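# 3D, please:
(one chain, ligands or ions: 1)
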Amino acid sequence: MQDTADAPEDEALRFGLQGEGHDANAGRMTTLGMAKRLPELVLEIMRLAWQVDRAGSAALLACQVVSAVLGAAGLLATNRTIVALISSGHITAKLWHAAPAVAVIATAAGLRALLGIAITALSARLSPMLTRQTQVMLLDAATNTELAAYDLPGYNDRWDLAEGGTQRVAELIGECQNLIAATASLVSAEIVLALVHPLLLPLTLAAAVPQAIAAIRAARVSYEAVIATAGPRRVMNFLRWFLVDKWQADQVRTDGIAPYLLAKYREHGNQVDAAEHAAVRRAARISVLGAATAGLASFVVWAALALLLSAGRIGIGSAGTAVFALRAASTSLQGIVGYGAQLYRNGLYLDHWSGFVREASAMRLNRGTAVPDRPTVVAARKVSFQYPASDGETLHDIDLEIRRGEIVALIGHNGSGKSTLMRLLSGLYLPTGGAVEWDGRDTRDLDPRAMWQHVAVVPQEYARWPLTARENIHLGRTRPDDGDEAVLRAAAASGADEVIAGLRNGLGTLLAREFFGGVALSSGQWQRLAVARGIYRQGGLLILDEPTSALDPQAEHTIFMGLRHSAATSATILVTHNLFNASIADRIVVLDAGRIAQEGTFAELSTTAGIFKHLLDLQNDRPVPRMRAASD
Ligand SMILES: Nc1ncnc2c1ncn2[C@@H]1O[C@H](COP(=O)(O)OP(=O)(O)OP(=O)(O)O)[C@@H](O)[C@H]1O
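Model (predicted):
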């Protein structure tokens, strides 16, 4: 019995979000850090906006500037109105005197309202374009990386975060606009205040500091809570998917696992609630303190204004103007602090996006430029390979050649490295030692996209593209001279023709999950299409990784009988655990723990002591149970 005291703890789902720079992000959320970061962030967003819609971005900026100028003009006109109204003389004369300034106030207010509408409309137009642009940039970066990027620790988590960042873009645009508008209003109000009395300018700015600090602290608390709960929230997303997705729905029922997983869901939900409640309480305490200090600071400003007035430093007209300007400045400052804190927080999510785009760009497919021909010989020369997150090598010292027209079967225990070797031969991975060569040229020197034009792979986990049956076979590589003929020929070679014949609209039938309006196929039917796809490509290197695992014996027979024909012009590698299927290969290579253990024909290996013979004997060892034999 195992000693439970020494037993390691069971592992649980966890995600690599914490401690990956996010704590440092939160640490930088200070007043100074924010003052430095916000202008950069605004510029970054404006640069992005400029890329997608120059006219719209320029119009938006122009509207903001004109609105600010009108704001200042309105405030100055307020000053002139007050001076005119409190001057000595008959009321009618005073009103006439004030009329032009009143007209300026009214016009400025009307125009600012119109500009406000234009700003809202322009922002609404820009937001979706910008969101899409960031998403396209992300997809472009992610789909052009080396496949090995997916094996880097935390890569998928960073992808998720980056995708989350793109969903914040619309908010960022709004916050950016509001921040610019508030800053423009503040500048105009402060100019007016400085004209009334220079002391009022630093005083109003200093009064905003406590409120700014409080708003940033509150935003930081909320960001920290988001980061702290990211792990459990992602586990919850994962569990939700497992509980309701169709692929497990039958087992959720027969295994009765729902209550067990739901309990785990609640447990993680409670962790999230506890962290968020604590954050809300902390943020509220900080906000109360901030509001109290802000009240005190504004009392000081008003007191200073009263003192200036009573000391005769400013006139009653200027004091009236200052009242309006102070209100405008205070509203603007609140806006800057509030929107600034939100913008800063959302900017951290945008950083996830830009960080991922940078990381993916550094991993971009950037190999040689030599364009290979259809290969005659594909070879591994002393190849070794280690996955980035792995402790040791998966493949060691592999020497192997496959020639055009030859079928080589790869056999070996689970985890012996067969799929990894195929990804190396097809150029999906580059070896960490030795070289893979196509007609003597190192795959590192070849243009990978040009290489893949000559590769046809039927993987174990075949894609089920949400496209028509026709598209699922030609994948956009149509042959205009051959029309559907080539597609149907490939379908006939894999038994997919029977599947297509039964579809409501033949080759034109959409194959997708029902909720996308498509027809759902069985696993074996999908696999027939995947094999047809591989045959249709007529690749110089044809790789079949367990191509018949989900097929009935008839479909399997069709494929293996047709394989000789499609293999005539390709170097073909077949990975299979069904050793009888390996008998169609010219040569069999047996992998054991990442090394080539045996190589030979079926006849040679099935009669020589070794792994192959051992596995073959096991496959043949299906004795009829004794009880049944007795009763027969
Ligand atoms: N992305 C990865 N990162 C780290 N290790 C990996 C990765 N993919 C596979 N491995 C490890 O490499 C070894 C070989 O895996 P591979 O998939 O090549 O084996 P296989 O022979 O194709 O197995 P099977 O017969 O089960 O399909 C395994 O030990 C596996 O755990």
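# give me phi/psi at the residue positioned nearest the centre of the chain?
Residue closest to the average C-alpha location in the chain (CA atoms, centre = their mean): Glu163, at 3.2 Å. Phi and psi for Glu163, reported as degrees, to the nearest 10, are phi -70, psi -40.
# equivalent analysis for Ala380, please.
phi -110, psi 130.
# hang on, it packs against Val436?
Yes. Ala380 lies in contact with Val436 (CB atoms under 8 Å); the separation is 5.5 Å. All C-beta spots, glycine's among them, are computed from the backbone N, C-alpha and C.
# can you list residues touching both of the two?
Common neighbours of Ala380 and Val436 (criterion: CB atoms under 8 Å, 6 or more residues apart in numbering): 424-425.
# so Gly340 lies in a helix, does it not?
Yes. The assignment for Gly340 is a helix, going by DSSP: H, G, I helix; E, B strand; the rest coil.
# what's the burial count for it?
27 (other CB atoms under 10 Å).
# quick one: pLDDT of it?
Note for Gly340: predicted pLDDT of 85.
# burial of the residue in the stretch 1-150 of the chain positioned nearest to the ligand, as a residue count?
The minimum distance from the stretch 1-150 of the chain to the ligand, using CB to the nearest ligand atom, falls at Tyr150 (7.0 Å). Using other CB under 10 Å, Tyr150 has 13 other residues around it.
# nearest residue to it other than its sequence neighbours?
Nearest residue to Tyr150 in three dimensions, chain neighbours excluded: Asn156, at 7.1 Å (CB to CB, 6 or more residues apart in numbering).
# and Ala84, by the same measure?
Using CB to CB, 6+ apart, the closest residue to Ala84 is Ala98 (3.7 Å).
# what distance separates the helix or strand containing the one you found from the centre of its chain?
Here Ala98 sits within helix 91-143, counting by DSSP states H and E. Mean C-alpha position of helix 91-143 versus that of the full chain (CA atoms, centre = their mean, to the nearest Å) differs by 32 Å.
# can you list the residues of the chain near the ligand?
Within the chain, the positions adjacent to the ligand are 151, 387, 389-390, 394, 412, 414-420 by CB under 6 Å from any ligand atom.
# still on that earlier bit, helices or strands up against the helix holding Ala98?
helix 31-52, helix 54-86, helix 155-166, helix 169-196, helix 316-362 (3 or more CB pairs under 8 Å, 6 or more residues apart in numbering; DSSP states H and E).
# give the contact list for Tyr54.
Just so we're on the same page, residue 54 is Arg rather than Tyr. Arg54 neighbours (CB under 8 Å, 6+ apart): none.
# swap in the one 3 residues further on?
By CB under 8 Å, 6+ apart, the contact list for Ser57 reads 46, 49-50, 126.
# now a PyMOL select for only the buried ones of these.
Those of the contacts of Ser57 that count as buried under 16 or more other CB atoms under 10 Å are selected in PyMOL with:
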select buried, resi 46+49+126
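# tabulate the contacts of Ser57 (CSV), appending distance to Asn581 and pLDDT.
What follows is the contacts of Ser57, written out as CSV (distance: CB to CB, whole Å; pLDDT from 0 to 100):
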residue, distance to Asn581, pLDDT
Met46, 61, 89
Ala49, 58, 90
Trp50, 59, 91
Leu126, 58, 90
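# can you give me the helices for the stretch 451-600 of the chain?
For the stretch 451-600 of the chain, the helices defined by DSSP state H, counting those that start in this stretch occupy 469-474, 483-494, 496-501, 523-536, 553-567.
# what lies in contact with stretch 614-623?
411, 578-580, 606.
# for the residues you listed, work out which two are farthest apart.
The most widely separated members of the contacts of stretch 614-623 are Asn578 and Ser606, with 13.7 Å between them, by CB to CB.
# which one of the two has more residues nearby?
Ser606 (17 against 14).
# show the pLDDT at the closest residue to the more buried one other than its chain neighbours.
Sequence neighbours aside, Leu616 is the residue nearest to Ser606 in space, at 5.5 Å (criterion: CB to CB, 6+ apart). Note on Leu616: pLDDT of 89.
# now do whichever helix or strand Leu616 is part of: distance to the chain's middle.
Assigned by DSSP H and E, Leu616 falls within helix 611-620. Mean C-alpha position of helix 611-620 versus that of the full chain (CA atoms, centre = their mean) differs by 46 Å.
# what is the burial count for Ala306?
11.
# what does the one 4 residues further on give?
Other residues within reach of Ser310 by the criterion other CB under 10 Å amount to 10.
# circling back to that earlier point, so can I have CSV of the contacts of Ser57 showing distance to Ala512?
Shown next, in CSV, are the contacts of Ser57 (distance: CB to CB, whole Å):
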residue, distance to Ala512
Met46, 40
Ala49, 35
Trp50, 38
Leu126, 33
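# ok so, going back, now do the residue nearest to Ala84 against Leu307, distance only.
28 Å (CB to CB, to the nearest Å).
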